[in-house]
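Trainee: my questions concern the predicted model and sequence given below.
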Amino acid sequence: MTYPLLLTLHLFAALIFIGTVFFEVLFLEHIRKQLPAKLMLLLEQAVGQRARQLMPWVLLVLFGAGAGMVWLRYLPLLEAPSSSSFGTLLLAKIVLAASVLVHFLGAMLLFKTGRMTARWVKFIHASVFTHLVLIVLLAKGMFYLSW
C-alpha cells in the first residue's frame, strides 16, 4: 500500500510543479505583450511570490515520494542501471530531476541575495522547462522503450 500512496503523491506534486512551469513559460511570456508593463510586473510578482511559498513544499513531496519509490521498488535496478533499458532511463530521469532541483535552489539563492535578474529568470525557466519535457518523456519511455 505504501508504493501506490508514494506514486500518487509523486504524480500530484509533478502535476503542480510541471503545470506551474508550463504556465509561466507558455502563458505569462505571451501575456506580457498584451498587458501594460506596470500590470505585468504586479502579475509576475504575485505569481512569483506564490510560487516561492508553495514550490518548496511541492518539491519536498515530489522528491520525497520519488526517493521513497526508488527505495521500495527500484533500488536494485539502479545498482546496475545499464543492465536494463528501464534502469538506464530511470537513472537519466533522476539525473535530470537533480538538475531541476539545483536550478530551483540556485533561483532561491539568487532571489534571497537580490541578484535575480530578468535574464536569469528567462534562462532558468527555459532550462527547467526543457528538463521537465525530457523527464516526462523519460517517465513514459521507461515503460514503453526497451533495448
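Mentor: Nice, I can see it. Numbering: from 1, shown residues only.
Trainee: tell me which residues of whatever helix or strand Pro4 lives in come out buried.
Mentor: Following DSSP states H and E, one finds Pro4 within helix 2-22. Neighbour counts over helix 2-22 (16 or more other Cβ atoms under 10 Å) mark Leu6, Leu7, Leu9, His10, Ala13, Ala14, Ile16, Phe17, Ile18, Thr20, Val21 as buried. Placement of C-beta: from N, CA and C, glycine included.
Trainee: looking at the residues you listed, spot the one nearest Ala46.
Mentor: Closest approach between those and Ala46, by Cβ to Cβ: Thr20, at 13.3 Å.
Trainee: contacting residues for that closest one?
Mentor: By Cβ atoms under 8 Å, 6 or more residues apart in numbering, Thr20 lies in contact with Ala51, Met55.
Trainee: measure it to Arg50 for me?
Mentor: From Thr20 over to Arg50 the distance is 9 Å, taken as Cβ to Cβ, to the nearest Å.
Trainee: got it, and Arg73?
Mentor: From Arg73 to Arg50 the distance is 34 Å (Cβ to Cβ).
Trainee: ok, Leu9 next?
Mentor: 21 Å.
Trainee: same check on Phe27?
Mentor: 15 Å.
Trainee: re earlier: pLDDT of the helix holding Pro4, averaged?
Mentor: Helix 2-22 shows a mean pLDDT of 97.
Trainee: got the buried residues for the helix or strand just after it?
Mentor: Counting by DSSP H and E, the next helix or strand C-terminal to helix 2-22 is helix 29-31. Under the neighbour-count criterion of 16+ other Cβ under 10 Å, helix 29-31 has nothing buried.
Trainee: quick one: buried residues of the helix or strand that helix 29-31 is followed by?
Mentor: Using DSSP H and E, the helix or strand that follows helix 29-31 in sequence is helix 37-69. Neighbour-count burial for helix 37-69, counted by 16+ other Cβ under 10 Å, picks out 44, 48, 51, 55, 58-59, 61-63, 65-66, 68-69.
Trainee: hmm, what's the outermost residue in this protein?
Mentor: Most distant residue from the mean C-alpha position of the chain: Pro36, 29.9 Å away (Cα atoms, centre = their mean).
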